[in-house]
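[1] mind looking at a prediction? Sequence and model below.
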Amino acid sequence: MRNNVHLTVNGKPVTTSVESRQLLVYLLREQLGMTGTHVGCDTSNCGACTVLLDGEAVKSCTVLAASVDGSSVVTIEGLAVAGELSPVQEGFRQCHGLQCGYCTPGMVMAATSLLLDDPDPTPTQIRSDLDGNLCRCTGYQMIVESVRWAAENGGPGAIADAERSAHADDTVAVTS
Ligand code: FES
Ligand code: FES
């Protein structure tokens, strides 16, 4: 069965139809061509597919596309403003928070959500909050330093701030 869905992706309205069993990550990657959101597992463990859904981090491989009708999604492609990286993206660049980069979009989105919740997290809090996102390359230390860099240089960024503010009164919160 196909379902019509209307949503906003990175600030732009999208209308499409999806199979009932289709996952949000495949709507983003295959129907909308937003391949920055990665698929790293089939067990909901890796976090490479993390996006913001109505301002909250979710693993988009765990969300049915039909269920996001009326929602707002921000992907890694939506964080930069006028070509300028968000503070979290810049932090990963400055602090070498990536090697192969496969986990990076999910890490950046999860870290962005963390900084919306807590603008000044300790390294221990960062490690705890990002424990749903796996990295096979970095050993995590540089990722923690990247998030600390962002905390000290602008926080989650304008797009994420606007998304969280727009949905601050929502009664149902979705968590990663
Ligand atoms: S693809 Fe691994 S948690 Fe979503
Ligand atoms: S940078 Fe390679 S998996 Fe994280």
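    Thanks, I have it. Ligands and ions are numbered 1, 2, ... in the order given.
[2] close to ligand 2: what parts of this protein are there?
    By C-beta under 6 Å from any ligand atom, the residues of the chain that approach ligand 2 are 98-104, 135-138. (C-beta placed from N, C-alpha, C; glycine too.)
[3] so which of the residues you listed belong to helices?
    Counting by DSSP state H, the residues of the chain next to ligand 2 place T104 in helices.
[4] among the residues of the chain next to ligand 2, who's most crowded?
    Comparing these by number of neighbours (other C-beta atoms under 10 Å), C103 comes first, having 26 neighbours.
[5] contact partners for it?
    Taking C-beta atoms under 8 Å, 6 or more residues apart in numbering, we find C103 in contact with 38, 40, 46-48, 133-137.
[6] is stretch 25-43 in proximity to ligand 1?
    Yes: applying C-beta under 6 Å from any ligand atom, one finds that stretch 25-43 is in contact with ligand 1 at 39-41.
[7] specify the local secondary structure of W149.
    Recorded secondary structure, W149: helix (DSSP: H, G, I helix; E, B strand; the rest coil).
[8] what does the protein have sitting close to ligand 1?
    Contact residues (C-beta under 6 Å from any ligand atom) of the chain with ligand 1: 39-41, 44-49, 59, 61.
[9] which one of those has the most neighbours?
    C49 (28 neighbours).
[10] for stretch 24-33, which outside residues touch it?
    Stretch 24-33 is contacted by residues 5, 9, 14, 16, 18, 34-35, 37, 39, 49, 51, 53, 58, 60-61, 63-65, 68, 73, 75 when judged by C-beta under 8 Å, 6+ apart.
[11] now it: buried residues?
    Residues 24-29, 32 are the ones in stretch 24-33 that count as buried (16 or more other C-beta atoms under 10 Å).
[12] shouldn't Q89 be in contact with G78?
    No: checked against C-beta atoms under 8 Å, the pair Q89 and G78 is beyond contact range at 11.2 Å.
[13] what residues of the helix or strand of the chain with the lowest mean pLDDT count as buried?
    Between all helices and strands in the chain, the lowest mean by mean pLDDT, DSSP states H and E belongs to helix 158-166, at a mean of 88. By neighbour count on 16+ other C-beta under 10 Å, the buried set for helix 158-166 is 159-160, 163-164.
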